[in-house]
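Student: Requesting a structural model of the entry that follows:
(one chain, ligands or ions: 1)
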Amino acid sequence: MRRQKQGTEVRKIGLKDTAGLTLYRVSTAGVQWYRDSLHSPLPVRSLLLLSFLLLPVLARAGDVKGRVIIVGGTSNANAVIYIENVDSVFDPPEKPAVMDQNHLAFKPEVLPILAGTTVKFLNSDEVLHDVFTPSPCAGSFNLGSFPPGESKTHTFKEAGCDALILCDIHPEMQAWIKTLQNPYFAVSDKDGNYFLKGVPPGRYSLEAWFGYYKSQSVRIVIPRTGAVSVDFQLEQ
Ligand SMILES: [Cu+2]
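Tutor: A predicted model of the protein is given here:
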């Protein structure tokens, strides 16, 4: 028995843990725990070993990729592809998402966000802009007009909301903010390509959405590794 604090009992219990190290029982003031030596607490070593063994299993996730064709569209950009529901709770990011107003247009035109995310609306033009939505699921807010260089924010609390974003001053300006239950979403590029990275293994509904077009839904199984490929053709 080496250095011991007063009131501490150390007893070799003759067992060996998975690393082949001899276990000791240490009790102090009624609290008991085990050590594999008198220097390294067993829980720490064993948890490290367990984490190391489980890491390849826990870290596994699959990707989803594919292409979206927007029938009759000028490009295949701005479709949102997302997992409808993942059985978990996701905290929104602390950093706000950004929607700019530049050259009399909202940028991006389509912004998917995790529900609870705050969006910062910028004005990078030389004129006044206003931001409002008639969508009740987003609170039908109107942030009022604001001059170049200023910004306003709004937090989108409810999931499953397709908020149409408009400017009261420029009727031609239009964008969408789509609130989602989980962070597994992507926006298609101009060629229609999309990529969802690191989705937990499981069975899900994969949705494809583009504004007023008819949405599509397919059932998918995400494997522990590798990618699932799904293409969509969206029509009005
Ligand atoms: Cu405007």
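
Student: how is this structure carved up into domains?
Tutor: 8-58, 62-234 (automatic domain parsing).

Student: most tightly surrounded among the ones you listed?
Tutor: Among the domains of the chain, the stretch with the highest mean neighbour count (mean count of other CB atoms under 10 Å) is domain 62-234, at a mean of 17. The way it works is simple: take the backbone N, C-alpha and C, and place the C-beta from them, glycine included.

Student: could the domains of the chain go into JSON lines alongside distance to the ion and mean pLDDT?
Tutor: Formatted as JSON lines, the domains of the chain follow (distance: least, CB to the ion, whole Å; pLDDT from 0 to 100):
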{"stretch": "domain 8-58", "distance to the ion": "47", "mean pLDDT": "43"}
{"stretch": "domain 62-234", "distance to the ion": "3", "mean pLDDT": "97"}
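
Student: centroid residue for the protein?
Tutor: Pro183 (2.3 Å; CA atoms, centre = their mean).

Student: Now that one. Nearest residue, chain neighbours left out?
Tutor: Leu114 (5.2 Å; CB to CB, 6 or more residues apart in numbering).

Student: where's that neighbour relative to Pro136, distance?
Tutor: 20 Å (CB to CB, to the nearest Å).

Student: Next: Ser75.
Tutor: Relative to Pro136, and taking CB to CB, Ser75 is found at 30 Å.

Student: do Trp176 as well
Tutor: Distance from Trp176 to Pro136, by CB to CB: 15 Å.

Student: again with Phe210
Tutor: Distance from Phe210 to Pro136, by CB to CB: 22 Å.

Student: my guess is Ala105 contacts Met173, does it?
Tutor: Yes - at 6.2 Å, Ala105 and Met173 qualify as touching, with contact defined as CB atoms under 8 Å.

Student: bridging residues for His129?
Tutor: Phe146 (DSSP bridges).

Student: residue contacts, it?
Tutor: Neighbouring residues of His129 by CB atoms under 8 Å, 6 or more residues apart in numbering: 101, 123, 145-146, 167, 169-170, 173.

Student: swap in Ala159?
Tutor: 115, 179-181.

Student: Could you do Met173 as well?
Tutor: Met173 touches 101, 104-106, 129, 166-167, counting by CB under 8 Å, 6+ apart.

Student: As TSV, those residues with secondary structure would be great.
Tutor: Conversion of those to TSV gives the following (DSSP: H, G, I helix; E, B strand; the rest coil):
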residue	secondary structure
Gln101	strand
Leu104	coil
Ala105	strand
Phe106	strand
His129	strand
Leu166	strand
Cys167	coil
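
Student: Closest one to Val199 out of the residues you listed, please.
Tutor: Phe106 (28.5 Å; CB to CB).

Student: Among the contacts of Ala159, which lie within strands?
Tutor: Judged by DSSP state E, strands contain the following of the contacts of Ala159: 179-180.

Student: which pair in the contacts of Ala159 spans the largest distance?
Tutor: Counting by CB to CB, the most remote pair of the contacts of Ala159 is Thr179 and Gln181, 8.4 Å apart.

Student: So for those two, which residues contact both of them?
Tutor: Going by CB under 8 Å, 6+ apart, residues that sit against Thr179 and also against Gln181 are 114-115, 159-160.

Student: A helix includes Pro93, no?
Tutor: No - using three-state DSSP, the secondary structure at Pro93 is coil, not a helix.

Student: Does it touch Leu114 like I think?
Tutor: Yes - between Pro93 and Leu114 there is a contact under CB under 8 Å: 7.0 Å.

Student: and of the contacts of Ala159, the nearest to Arg67?
Tutor: Leu180 (20.7 Å).

Student: and the closest one, what does it touch?
Tutor: Residues near Leu180 by CB under 8 Å, 6+ apart: 82, 112-115, 159-160.
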